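Asker: Pasting the sequence and the predicted model now:
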Amino acid sequence: MYGIGIRRVATAMVTASAATLLMTACQPGGSPAGAGSSPSGAPVKPAASTSTSGSASPATPSTPAASATSGSPTHTATPPTGAKACGLSDLKASMYQASVRPDGTGTGAAIVEFTNVSGKACTVQGYPTVAGAGGGSPEKNRPLKVTTTGGVSTVKIAAGGKAWTKLTFVQVQGEADGYCKSGATPASYPTLVVGVPGAGAHQVALTDGVIAECDDKVTVTALSAAKPS
């Protein structure tokens, strides 16, 4: 009986071993189960990586758009109007007494008119400077203290067109030589030297008399396309 038991145990062990070998042989390609082999027996290629790690090849960068100024030639800045600034020889100045002026017996106020004689449009801008030409000589200029009034804008003057500024003086009072309210002695100038920003100094005479004023002070409007009174 003891020998029969030994044979039964041995037989069971052999049977179990055979079953294990049979299960292994049944796996596709003869590889052990779970080895990741393909059904055809060819090596399995790894799936394409979707990793964004630094080991992945970087995407080709897109070409940046060309700069708006790339390769463009350098241009001298021009006024917003598209016309160049007026020069000294582009303008001809004249001056006449204003219709609206302070009460008194002196000049009171004058309009200086600039005509574009260049044959093409040009621009002016800003407040003129004013000086009395002593004895009519620009070399003996006597600068007047200027107070400005009104806003500044670029004025485009067409060929043959005009721009204006108004000069308002401290008025002379009384008859004959007159007097100044400040107690100063009135001054008289046969011509003025009116400076246009960027367009030089223009010597101009009043069409009807001489400039008579007090205190060497003047209020000046910005150059304008609108004719003042």
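Answerer: Arrived safely.
Asker: Quick check: G151 touching A222?
Answerer: Yes - G151 is within contact range of A222, at 6.4 Å (criterion: C-beta atoms under 8 Å). Glycine gets a C-beta too; all of them are placed from N, C-alpha and C.
Asker: Look at the two and report which has more neighbours.
Answerer: The residue with more neighbours, out of G151 and A222, is A222; 20 against 8, by other C-beta atoms under 10 Å.
Asker: what's the spacing between that one and N141?
Answerer: 22 Å (C-beta to C-beta, to the nearest Å).
Asker: can you check K181 too?
Answerer: 25 Å.
Asker: So for the two, which residue has more residues nearby?
Answerer: More neighbours surround N141 than the other of K181 and N141, with 18 against 12 (other C-beta under 10 Å).
Asker: partners of the helix or strand hosting A212 in the sheet?
Answerer: Per DSSP states H and E: A212 is located in strand 211-221. With DSSP bridges as the test, strand 211-221 is paired with strand 145-149 (parallel), strand 162-170 (antiparallel), strand 187-189 (antiparallel).
Asker: Of the ones you listed, flag the one that's most buried.
Answerer: Highest mean neighbour count among the strands paired with strand 211-221 (mean count of other C-beta atoms under 10 Å): strand 162-170, with a mean of 22.
Asker: For A65, report the pLDDT, please.
Answerer: At A65, the model reports a pLDDT of 32.
Asker: what does G135 give?
Answerer: 76.
Asker: Repeat that for T191.
Answerer: T191 is assigned 95 on the pLDDT scale.
Asker: right, and the helix or strand after the least confident helix or strand in the chain by mean pLDDT?
Answerer: Lowest on mean pLDDT, DSSP states H and E among the helices and strands of the chain sits helix 2-25, with a mean of 42. Next along the chain after helix 2-25, taking DSSP H and E as the criterion, comes strand 84-85.
Asker: and C122, bridged to which residues?
Answerer: K84, I157.
Asker: isn't there a strand covering G135?
Answerer: No - under DSSP: H, G, I helix; E, B strand; the rest coil, G135 sits outside any strand and is assigned helix.
Asker: so what's the closest residue in space to it that isn't next to it in sequence up against?
Answerer: Nearest non-adjacent residue to G135, counting by C-beta to C-beta, 6 or more residues apart in numbering: P190, 7.7 Å away. P190 makes contact with A133, G135, G136, A205, V210, I211 under the criterion C-beta atoms under 8 Å, 6 or more residues apart in numbering.
Asker: cool, and L144?
Answerer: So L144 contacts V130, A131, G132, E213, D216, K217, V218 (C-beta under 8 Å, 6+ apart).
Asker: Could you check how far it is from A110?
Answerer: 12 Å.
Asker: sec struct for G160, please.
Answerer: Applying three-state DSSP: G160 is coil.
Asker: Show me the beta-bridge partners of the residue nearest to it when sequence neighbours are not counted.
Answerer: For G160, ignoring the flanking residues on the chain, the nearest one in space by C-beta to C-beta, 6+ apart is N116 at 6.4 Å. Taking DSSP bridges as the rule, N116 bridges to L91.
Asker: okay, now N116: neighbour count?
Answerer: N116: 23 neighbours (other C-beta under 10 Å).
Asker: does it really touch K162, like I thought?
Answerer: Yes - at 7.3 Å, N116 counts as touching K162 under the criterion of C-beta under 8 Å.
Asker: show me where pLDDT drops low in the chain?
Answerer: 1-81 (pLDDT under 70).
Asker: which ones are touching the nearest residue to A158 once chain neighbours are set aside?
Answerer: Leaving aside its sequence neighbours, A158 sits nearest to A121 (C-beta to C-beta, 6+ apart; 5.1 Å). By C-beta under 8 Å, 6+ apart, the residues touching A121 are T81, A83, K156, I157, A158, A159, G161.
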